[in-house]
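Peer 1: Let's see this in three dimensions:
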Amino acid sequence: SVMEATGTNVAKGIGVGSVIDRRYKVLSRLGAGGMGSVFLAEHLQFQRQVAVKVLGEGGEDPRARERFLVEARAICHLQHPNLVTYHDFGQDPSTGNLYLVIELLRGKDLSRVIQKEQPIPISRAVHLLGQLCDALADAHEHGVVHRDLKPANIMLVRRGDEPDFVKLIDFGIARAAHLAGDDLTGKHRIVGTTGYLAPEYIARQEVTLKVDLYAVGVIAYELISGQRPFRGDPQAVVMAHLGAVPPPLEELADGRLVPPALNRVIQRALAKDPADRFESAVQLKAHLFAAARPLLESANSDRTDVGHRPAGNETTSIDFAPSPEDLPIEDAPSAMATFARPKTSGQTLRRTTPVTGPVANRRGFSLMALGAVGSLAGVGIVWAWMAAAPLYRDAPETTREICIIGLAGGTMARYMLDTVPEARVDGVEI
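Peer 2: Okay, here's the model as predicted:
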């Protein structure tokens with residue numbers, strides 16, 4: 001059976017005014033989910049507001065508690081800008097509830113963005129997916145698999161001028177609840193959200209980092225098209241994950257065209273066989289950015305050329321991946337780290353404002369010198385023509401051709417000196 005991780009599992013014995021583990025005073029309840037309740041609380045000594053997630057009734061089994069604490073220790077070691085920070089964990093002595101103390105985030109989750117802000121620019125979608133891959137890469141490097149990736153577990157918060165800063169939340173709890181369900185009932189359960197479950201997890205309960213990569217493929221499909229690849233009742237969606245091929249992303253409902261290379265990347269992330277997917281989140285990000293490179297460059301150019309300040313639903317701080325030629329879709333390296341902005345050395349930047357001061361003076365002197373040289377060349381050409389005219393009439397035909405070519409070349413050089421526009425070198429007028 002499939003147990004959705006979206007139900008209500010309220011922690012017992014905790015309400016507004018309660019103090020958890022003699023340190024965290026509960027101010028309000030933020031919400032409840034399949035794994036427990038989340039409270040807004042204040043640390044009594046530091047007077048800092050935090051979120052406290054308390055495991056619900058599924059955590060009453062001693063073996064589940066032990067496993068929860070082991071996994072909580074691993075999660076609390078995760079330190080990455082795109083991962084929610086876990087400050088503390090423990091067990092409340094008065095109620096016996098297991099809890100996690102989490103960084104308090106103020107923003108909106110990605111599911112709300114998908115519902116309210118369609119159509120989402122593809123460049124923005126890739127920007128968000130790149131940050132999600134960065135977060136997963138760090139978690140996977142530390143041996144942690146999320147297992148319940150979905151838009152509701154991805155928060156967008158503001159960081160400086162970046163309105164779309166990704167924070168991945170809800171690590172570890174799904175795993176603890178899964179063990180609790182097995183231990184308490186002795187029955188097989190799959191914990192997660194059906195729309196994002198990988199086929200191998202459904203069929204064999206196989207949990208590797210590629211379970212998360214499959215979910216990223218579903219989220220990518222949903223961000224770009226506005227809907228998941230498989231829809232319907234939970235059982236129908238589960239069967240589709242096991243055997244159905246996702247419809248290709250080609251032309252969207254609003255008429256936008258999806259680059260074929262980007263469609264291939266998403267389809268590969270959604271491959272039924274884990275061996276056919278990407279090897280890591282780093283590799284998946286590399287392919288996403290390479291496939292969407294023209295769109296990312298265009299989005300970045302639109303902002304810098306007109307001094308555009310991004311609104312809340314637009315992408316900022318885009319890093320560029322290697323070009324598709326440098327990073328083939330089928331044979332990408334599996335260990336590409338981060339992407340740096342392209343170096344400007346060797347590029348020609350054009351200045352659009354008038355040049356004044358010493359630069360303008362140098363340009364004036366240069367043009368005067370070129371004019372003098374051109375005038376002398378013109379005088380020399382006329383003098384040579386007058387002196388050589390009698391000889392030209394009696395010269396062989398070959399010699400006449402040489403004279404004509406030389407005269408035409410001199411005249412063309414003089415014309416170019418008179419008509420060539422002001423020159424620019426490396427963005428500075430001369």
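Peer 1: shaky segments in this protein?
Peer 2: The chain contains residues with pLDDT under 70 at 1-11, 33-35, 57-61, 64, 172-189, 300-430.
Peer 1: for the longest strand anywhere in it, packing partners?
Peer 2: Identified as the longest strand of the chain according to DSSP state E is strand 24-33. Secondary-structure packing of strand 24-33 (3 or more Cβ pairs under 8 Å, 6 or more residues apart in numbering; DSSP states H and E): strand 19-20, strand 36-43, strand 49-55. Placement of C-beta: from N, CA and C, glycine included.
Peer 1: a markdown table please, covering those and showing distance to residue 76.
Peer 2: Below are those laid out as a markdown table (distance: least, Cβ to Cβ, whole Å):
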| stretch | distance to residue 76 |
| --- | --- |
| strand 19-20 | 16 |
| strand 36-43 | 16 |
| strand 49-55 | 13 |
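Peer 1: need those strands in JSON lines with distance to residue 134 and mean neighbour count, can you?
Peer 2: As requested, the helices and strands packed on strand 24-33 are exported to JSON lines (distance: least, Cβ to Cβ, whole Å; neighbours: other Cβ atoms under 10 Å):
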{"stretch": "strand 19-20", "distance to residue 134": "32", "mean neighbour count": "20"}
{"stretch": "strand 36-43", "distance to residue 134": "25", "mean neighbour count": "22"}
{"stretch": "strand 49-55", "distance to residue 134": "22", "mean neighbour count": "23"}
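Peer 1: Any idea which of the ones you listed gets closest to residue 192?
Peer 2: Comparison of those against residue 192 by Cβ to Cβ identifies strand 36-43 as nearest, at 15.8 Å.
Peer 1: quick one, the closest one and strand 24-33 angle?
Peer 2: In terms of direction (axes from the mean of the first three to the mean of the last three Cα atoms, to 10 degrees), strand 36-43 departs from strand 24-33 by 160 degrees.
Peer 1: Render the CA-only coordinates of strand 36-43 in PDB, please.
Peer 2: Output for strand 36-43, consisting of C-alpha atoms alone and laid out as PDB, is shown next (Å, rounded to 0.1, in the frame of the first residue of the first chain):
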ATOM      1  CA  GLY A  36       4.000  15.100  12.700                       C
ATOM      2  CA  SER A  37       3.400  18.700  13.600                       C
ATOM      3  CA  VAL A  38       5.500  21.900  13.100                       C
ATOM      4  CA  PHE A  39       5.400  24.600  15.700                       C
ATOM      5  CA  LEU A  40       6.700  28.200  15.800                       C
ATOM      6  CA  ALA A  41       8.800  28.300  19.000                       C
ATOM      7  CA  GLU A  42      11.200  30.600  20.800                       C
ATOM      8  CA  HIS A  43      14.500  29.500  22.400                       C
END
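Peer 1: can you give me the strands for this structure?
Peer 2: 2-4, 19-20, 24-33, 36-43, 49-55, 86-91, 98-102, 107-109, 154-159, 162-168, 190-192, 424-425, 428-429.
Peer 1: got a markdown table for these, with distance to residue 236 too?
Peer 2: As requested, these are arranged in a markdown table below (distance: least, Cβ to Cβ, whole Å):
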| stretch | distance to residue 236 |
| --- | --- |
| strand 2-4 | 12 |
| strand 19-20 | 41 |
| strand 24-33 | 24 |
| strand 36-43 | 29 |
| strand 49-55 | 31 |
| strand 86-91 | 36 |
| strand 98-102 | 34 |
| strand 107-109 | 25 |
| strand 154-159 | 25 |
| strand 162-168 | 28 |
| strand 190-192 | 15 |
| strand 424-425 | 63 |
| strand 428-429 | 65 |
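Peer 1: so which of these comes closest to residue 117?
Peer 2: If you check each of the strands of the chain against residue 117 by Cβ to Cβ, strand 107-109 wins as the nearest, at 9.4 Å.
Peer 1: who touches the closest one?
Peer 2: Counting by Cβ atoms under 8 Å, 6 or more residues apart in numbering, strand 107-109 makes contact with 151-158, 167, all of which sit outside it.
Peer 1: Buried by neighbour count, from these: which ones?
Peer 2: 151-157, 167 (16 or more other Cβ atoms under 10 Å).
Peer 1: Closest to residue 220 out of those residues?
Peer 2: Distance to residue 220, by Cβ to Cβ, is smallest for residue 151 among the buried ones among the contacts of strand 107-109, at 11.0 Å.
Peer 1: Run through the helices of the stretch 201-350 of the chain in chain order.
Peer 2: Shown for the stretch 201-350 of the chain, the helices assigned by DSSP state H, counting those that start in this stretch span residues 209-225, 234-243, 260-269, 281-291, 293-305.
Peer 1: buried stuff in the third one?
Peer 2: The neighbour-count criterion (16+ other Cβ under 10 Å) identifies 261-269 as the buried residues of helix 260-269.
Peer 1: Let me know how buried residue 253 is, in neighbour terms.
Peer 2: Residues near residue 253, counting by other Cβ atoms under 10 Å, number 10.
Peer 1: Next: residue 101.
Peer 2: 22.
Peer 1: I am finished for the moment; much appreciated.
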